[in-house]
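> generate coordinates for the sequence data below:
(one chain, ligands or ions: 1)
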Amino acid sequence: MSESSTIVVSTEGRVGRIQLNRPKALNALNQQLMEEVVSAAVTFDSDPGVGAILLLGSDKAFAAGADIKEMAQQDYPEMYAADWFRRWEDLAQLRTPIVAAVKGYALGGGCELAMMADVIVAGESATFGQPEINLGVIPGMGGSQRLTRSVGKAKAMDMVLTGRHIGADEAERIGLVSRVVPDDQATSTAEEVAELIATKSKPAAQMAKEAVAASFETTLQQGLRLERRLFHSLFALADQAEGMSAFAEKRGPEWRHR
Ligand code: CO8
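Numbering: from 1, shown residues only. Got it, this is the predicted structure:
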């Protein structure tokens, strides 16, 4: 296990684990944390031994948003020149499936970071919101786009325009999170989900992610064509033959591509 100042990184089996570690600031997302999280995730993404990435916060907060104290120092030319927070997009573009466990606050950039994960397991204490309007700004890490695509215009407008927080149950009802579990099971459930994904054929899991993610960006016909092409391409890999043989032979598959 290696430690840096804003995250704790480790590998457990085939799961790469990144824990946000600024508990006193409720894991507020400053520039250093962004660089460290994205660098760690990019490293995991290129590691053939890693089949899934687990993203964790702390009990009180997954992340309470962009670091307001750091952000308040910026002016427009600096933000524009540095393309402030663009680096988070590198995380969203990774091919390795990402599972997030969210307990406590996931506000502003914290909600937007959770939405960059592919599966969100929420503890009952999870609180999601896009409160930027209360700071005189708007979401800047995808809240107006990913939230709207996930939950639709009605709920996204409600959250983005009022800044109200929603609880785990509402988040599950509107399709923002995958599952809600008691807080003390959120991390273990997310671990189980990540471990399960990491047991699959790696290219199949990556292409499944790519196909679902593409539905956020393409027309239906383009998406269906991409899905078909990816499906066809999996027949070039040994895992397709192995998976189908294993089914016929009533045994578990032994993936070659992991
Ligand atoms: N930034 C910096 N520090 C924070 C943040 C934050 N987002 N959130 C909490 N903290 C700090 C507090 O300042 C406090 O520090 P200190 O002890 O030094 O005073 C510590 O964490 C504990 O916080 P509180 O005392 O406020 O704890 P409470 O339990 O009373 O309240 C809340 C918890 C409700 C979460 C409250 O802290 C809060 O409202 N936080 C701000 C939430 C927010 O507005 N988030 C959105 C930020 S803006 C954003 O995310 C934009 C993202 C896109 C940017 C794109 C740029 C291009």
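> isn't F85 up against G109?
Yes: between F85 and G109 there is a contact under Cβ atoms under 8 Å: 7.5 Å. Glycine gets a C-beta too; all of them are placed from N, C-alpha and C.
> what is in contact with these two at once?
66, 140-141 (Cβ atoms under 8 Å, 6 or more residues apart in numbering).
> quick one: which of those residues is the most crowded by neighbours?
Among these, the one with the most neighbours (other Cβ atoms under 10 Å) is A66, at 29 neighbours.
> how close does it get to G109?
4 Å (Cβ to Cβ, to the nearest Å).
> shared neighbours of these two, which are they?
With Cβ under 8 Å, 6+ apart, A66 and G109 have common neighbours 29, 85, 140-141.
> picking that back up, tell me which of F85 and G109 has more neighbours.
G109 (28 against 18).
> tell me the contacts of the more buried one?
Contacts of G109 (Cβ under 8 Å, 6+ apart): 29, 63, 65-66, 85, 140-141.
> hmm, 6 Å instead?
29, 65-66, 141 (Cβ atoms under 6 Å, 6 or more residues apart in numbering).
> do V119 as well
Counting by Cβ under 6 Å, 6+ apart, V119 has contacts 99, 178, 193.
> ok, which of those also contact the ligand?
Among those, no residue lies close to the ligand (Cβ under 6 Å from any ligand atom).
> could the residues you listed be laid out in TSV, adding secondary structure?
Formatted as TSV, the contacts of V119 follow (DSSP: H, G, I helix; E, B strand; the rest coil):
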residue	secondary structure
V99	strand
S178	coil
V193	helix
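> how close does the residue lying closest to A61 once chain neighbours are set aside sit to A190?
Once flanking residues are discounted, A61 sits nearest to L26: 3.8 Å by Cβ to Cβ, 6 or more residues apart in numbering. Counting by Cβ to Cβ, the gap from L26 to A190 is 19 Å.
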